[in-house]
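Chemist: sharing a model that was predicted from the sequence below.
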Amino acid sequence: MSDCVFCKIVAGQIPSTKVFEDEHTLAFMDLGQVNPGHVLVAVKKHAENLYALDDVQAAAVAKASTRVACAIREAFKPEGLSVYQANGRAAGQTVFHYHVHLLPRHAGDGMALTWPVKNPPRERLEEYAGKIRAGLR
Ligand SMILES: [Zn+2]
């Protein structure tokens with residue numbers, strides 16, 4: 001078994017607050033909520049980074065990210081939404097399993113993200129996830 005934390009989340013060995021799942025992807029609330037509605041979209045099969053994705057995984061991540069982003073917009077009405085992925089330690093990553101961040105943004109947020117961020121209690125994550133799931137089409 002891999003030591004990868006995201007592989008353990010996909011396998012259900014580490015609990016996560018799920019918002020979307022299909023054959024190739026799993027989307028769940030980031031424990032570090034920069035703004036309410038911050039979601040991570042991960043490929044299910046371990047792929048270290050963008051370069052390791054096959055065409056099916058790449059298409060699946062784009063589809064899942066778009067669907068969840070629309071649901072986040074519906075749920076939280078942010079003024080904008082940042083979609084980003086980062087590779088490697090120099091990019092600030094500590095988990096080397098491909099994932100995309102969907103981050104609602106509001107005026108005055110600024111571009112710089114500060115880490116660690118304010119972490120809401122688990123029950124807030126479930127509340128946020130419920131709002132997003134309700135907005136999925
Ligand atoms: Zn992994």
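Modeler: Everything's here; your move. Bear in mind that the values here come from a model prediction, so they are computed numbers and not experimental data. Residues are numbered from 1 along each chain as shown.
Chemist: tell me which strands and helices the helix or strand residue 82 falls within is in contact with?
Modeler: Element membership of residue 82 [criterion: DSSP states H and E] is strand 80-84. The elements that strand 80-84 packs onto, with contact taken as 3 or more C-beta pairs under 8 Å, 6 or more residues apart in numbering; DSSP states H and E, are helix 55-76, strand 99-105. C-beta coordinates here come from the backbone N, C-alpha and C atoms, glycine included.
Chemist: which parts of the first one are buried?
Modeler: Okay, so that is helix 55-76. By 16 or more other C-beta atoms under 10 Å, the buried positions in helix 55-76 come out as 57, 60-61, 64-65, 67-69, 71-73, 75-76.
Chemist: and the ion, is it touching that?
Modeler: No. Helix 55-76 lies apart from the ion when judged by C-beta under 5 Å from the ion; the minimum separation is 12.5 Å.
Chemist: can you classify the residue most central in space within the chain by secondary structure?
Modeler: Centrality entry for the chain: nearest residue to the mean C-alpha point is residue 40, 0.7 Å, by C-alpha atoms, centre = their mean. Here residue 40 is recorded as strand under DSSP: H, G, I helix; E, B strand; the rest coil.
Chemist: right, and it touches residue 27 too?
Modeler: Yes. Using C-beta atoms under 8 Å, residue 40 makes contact with residue 27 at a distance of 6.9 Å.
Chemist: identify the contacts common to these two.
Modeler: Shared contacts of residue 40 and residue 27 (C-beta atoms under 8 Å, 6 or more residues apart in numbering): residue 102.
Chemist: the ion contacts on this structure?
Modeler: So the chain meets the ion at 4, 6-7, 46, 97 (C-beta under 5 Å from the ion).
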